[in-house]
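Q: Only the shape, not the letters, is given here:
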């Protein structure tokens, strides 16, 4: 099998793994897709040195390896929430079924999704915070049925947050800015306000 054929196989398995994980998280009785994940991890590790690949193949491999790393981190978080239950309001944005009782099973009224908030004073130094805000915004758009790619890349989002934070800090003379992701009338909103 040629390198291009193996990269095609990796791409196919990665797509299949994503679908199988979505089925797993939406069906509490399902088991995680360990076999498919093993096939993906094996191929990712096989090409990790990148020595046998030309530039185009290496670029394609790196894109798929990064996508797997991001998805793997998301699946790990969702699995932890599924096992331990919701601990913070923003965990609800990850949308894992089978953790809480449904409104029919409990006497409590259905809860509306809680807003996700972070405080930021220096986005360049607080990249992890900005990344969590970006992920919460993307996930909220996905759950609301909006095009989650319309917000652009993480890099452009980081630039936006940096500029917005500088603008609000200068305008209000505050130390930091609070960013909130919330859903209003089915529309996802990102709000920024001065934090004194």
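A: All right, it came through fine. These numbers come from a predicted model, not from an experiment.
Q: what's near enough to touch the residue nearest to the spatial centre of the chain?
A: Among the residues of the chain, residue 135 comes closest to the average C-alpha position under CA atoms, centre = their mean, at 4.2 Å. By CB atoms under 8 Å, 6 or more residues apart in numbering, residue 135 lies in contact with residue 74. (Each C-beta comes from the backbone N, C-alpha and C, glycine too.)
Q: Which pLDDT value goes with it?
A: You'll see residue 135 listed with a pLDDT of 83.
Q: Kindly report the same for residue 19.
A: 88.
Q: Angles on the backbone of it, please.
A: phi -60, psi -40 (degrees, to the nearest 10).
Q: so who does it touch?
A: Per CB under 8 Å, 6+ apart, neighbours of residue 19: none.
Q: 10 Å instead, please
A: Counting by CB atoms under 10 Å, 6 or more residues apart in numbering, residue 19 makes contact with 33, 36.
Q: before we move on, what about residue 193?
A: 117, 168, 172, 174, 177-180.
Q: Which pair of these spans the longest distance?
A: Maximum pairwise distance among these (CB to CB): 17.5 Å, between 117 and 172.
Q: more neighbours, those two?
A: Legend: neighbour count by other CB atoms under 10 Å for residue 117 and residue 172, higher for residue 117 (16 against 13).
Q: Quick one: classify the nearest residue to the more buried one once chain neighbours are set aside as helix, strand or coil.
A: Leaving aside its sequence neighbours, residue 117 sits nearest to residue 180 (CB to CB, 6 or more residues apart in numbering; 4.5 Å). Applying DSSP: H, G, I helix; E, B strand; the rest coil to residue 180 yields a three-state assignment of strand.
Q: Provide a list of residues in contact with residue 180.
A: Contacts of residue 180 by CB under 10 Å, 6+ apart are 115-118, 133, 136, 189-193.
Q: Let's see that with 6 Å instead.
A: 115, 117, 191 (CB atoms under 6 Å, 6 or more residues apart in numbering).
Q: Can I get those residues in JSON lines including secondary structure and distance to residue 128?
A: Output for the contacts of residue 180, formatted as JSON lines (DSSP: H, G, I helix; E, B strand; the rest coil; distance: CB to CB, whole Å):
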{"residue": "115", "secondary structure": "coil", "distance to residue 128": "20"}
{"residue": "117", "secondary structure": "strand", "distance to residue 128": "15"}
{"residue": "191", "secondary structure": "strand", "distance to residue 128": "21"}
